[in-house]
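Student: When you get a sec, could you give me coordinates for this:
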Amino acid sequence: MRDKVLITGAAGRIGSRLIAYLKDDYDLVLTEKEVSSLSDWQSDSITVQTLDILNKEECLNCCSGVDMVVHLAGNPSPLASYEEVKTINMDGTFTIMSAASEKGCRRLIYASSIHAVKGYEEDVQVKTDSVVRPPDFYGVTKVFGEALGSYFAYQESLEVIAIRIGGYRSLEMLVEKGEELTMDQRDSYLSERDMGHLIDRCLKADLDEPFLIVHGLSDNHFKFLDLSDTKRKLAYNPQDDGFEFKES
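Tutor: Predicted coordinates for the structure are as follows:
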């Protein structure tokens with residue numbers, strides 16, 4: 001029997017591309033506050049539901065009968081003020097984690113960010129157990145989400161995997177804009193293919209512990225985030241490299 005997976009923020013930059021990667025192996029529940037862009041995905045194995053991530057009753061309803069949650073919804077701007085990110089990124093994360101826990105979901109995959117540790121110098125390779133060092137309020141909210149995931153994992157029996165996502169498709173988008181690519185963008189690169197594979201591994205892996213922080217980068221020649229834990233614990237096998245990305 002296939003697992004049922006709820007995706008929050010399913011119409012976003014990651015979610016909208018993740019659907020095609022996961023749809024053959026899972027029954028999906030796609031959620032957004034406004035779902036018109038998701039309506040074409042509706043099928044026997046894919047349900048589309050409206051969801052205000054701050055509304056507890058709606059979160060409980062969407063989590064009902066769900067095995068696992070991929071939580072992508074939030075404000076992704078590193079330039080945002082604290083006021084702009086605190087409600088959706090912190091209160092929204094608490095609401096969906098608590099709903100998933102109350103409804104007996106087995107696991108939640110949390111979209112953390114490289115910004116949780118982006119305050120380190122460029123020549124430092126950050127480990128999964130390095131002290132957090134956010135350079136902005138967006139990163140601060142992601143550190144909060146990681147701590148919240150640890151709480152729900154160890155105190156409420158909800159398995160949580162926090163993925164510190166790097167520059168997702170950043171090189172492709174910069175090339176489209178005609179902008180020059182920097183070392184920082186290449187060493188933090190995460191391709192669409194590797195992102196899909198990583199989330200799939202987060203959903204399928206057997207965990208030795210209920211809470212895990214993993215790093216979400218492609219197999220870049222130099223990596224700002226160390227991938228050794230991610231590869232070993234999840235059998236993550238990235239295929240792409242930001243330093244081999246061709247400007248076509």
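
Student: In this protein, which helix is the longest?
Tutor: helix 137-156 (DSSP state H).

Student: Name the next helix or strand downstream of that one, please.
Tutor: strand 159-165 (DSSP states H and E).

Student: partners of that next one in the sheet?
Tutor: strand 107-113 (parallel), strand 211-216 (parallel) (DSSP bridges).

Student: Could you dump those strands into CSV with mean neighbour count and mean pLDDT added?
Tutor: For every residue, glycine as well, the C-beta is placed using N, CA and C. Supplementary listing: the strands paired with strand 159-165 in CSV, determined by neighbours: other C-beta atoms under 10 Å; pLDDT from 0 to 100:
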stretch, mean neighbour count, mean pLDDT
strand 107-113, 26, 98
strand 211-216, 24, 98
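
Student: any chance of these in a markdown table, plus distance to Asp136?
Tutor: Converted to a markdown table, these look like this (distance: least, C-beta to C-beta, whole Å):
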| stretch | distance to Asp136 |
| --- | --- |
| strand 107-113 | 10 |
| strand 211-216 | 18 |
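
Student: circling back: what packs against the longest helix of the chain?
Tutor: In terms of contacts (3 or more C-beta pairs under 8 Å, 6 or more residues apart in numbering; DSSP states H and E), helix 137-156 is packed against helix 82-85, helix 92-102, strand 107-113, strand 159-165, strand 211-216.

Student: so how far is the third one from its chain's centroid?
Tutor: Same thing as strand 107-113. Here the centre of strand 107-113 is set off from its chain's centre by 5 Å, with C-alpha atoms, centre = their mean, to the nearest Å.

Student: just the last one next, same as before
Tutor: Counting by C-alpha atoms, centre = their mean, strand 211-216 is centred 10 Å from the centre of its parent chain.

Student: Just after that strand, pick out the following helix or strand.
Tutor: Past strand 211-216, the next helix or strand by DSSP H and E is helix 228-234.

Student: got the contact list for that next one?
Tutor: 127-128, 198, 201-202, 205, 207-208, 212, 214-216, 236-237 (C-beta atoms under 8 Å, 6 or more residues apart in numbering).

Student: 7 Å instead?
Tutor: For helix 228-234, contacts defined as C-beta atoms under 7 Å, 6 or more residues apart in numbering pick out Thr128, Arg201, Cys202, Ala205, Leu212, Val214, His215, Tyr236.

Student: Which of those sits closest to Trp41?
Tutor: Using C-beta to C-beta, Cys202 comes nearest to Trp41 of these, at 21.1 Å.

Student: got the contact list for the closest one?
Tutor: With C-beta under 7 Å, 6+ apart, Cys202 has these contacts: Ile109, Ile161, Ile163, Leu234.

Student: any idea which of the residues you listed has the most stuff around it?
Tutor: Ile161 (28 neighbours; other C-beta atoms under 10 Å).

Student: Does that residue touch Val214 like I think?
Tutor: Yes - the criterion here is C-beta atoms under 7 Å, and Ile161 meets it with Val214 at 6.2 Å.

Student: picking up where we left off before, dump the contacts of helix 228-234 to CSV, plus distance to Asp229.
Tutor: Below are these laid out as CSV (distance: C-beta to C-beta, whole Å):
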residue, distance to Asp229
Thr128, 5
Arg201, 13
Cys202, 13
Ala205, 12
Leu212, 8
Val214, 7
His215, 7
Tyr236, 9
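
Student: Many thanks, have a good one.
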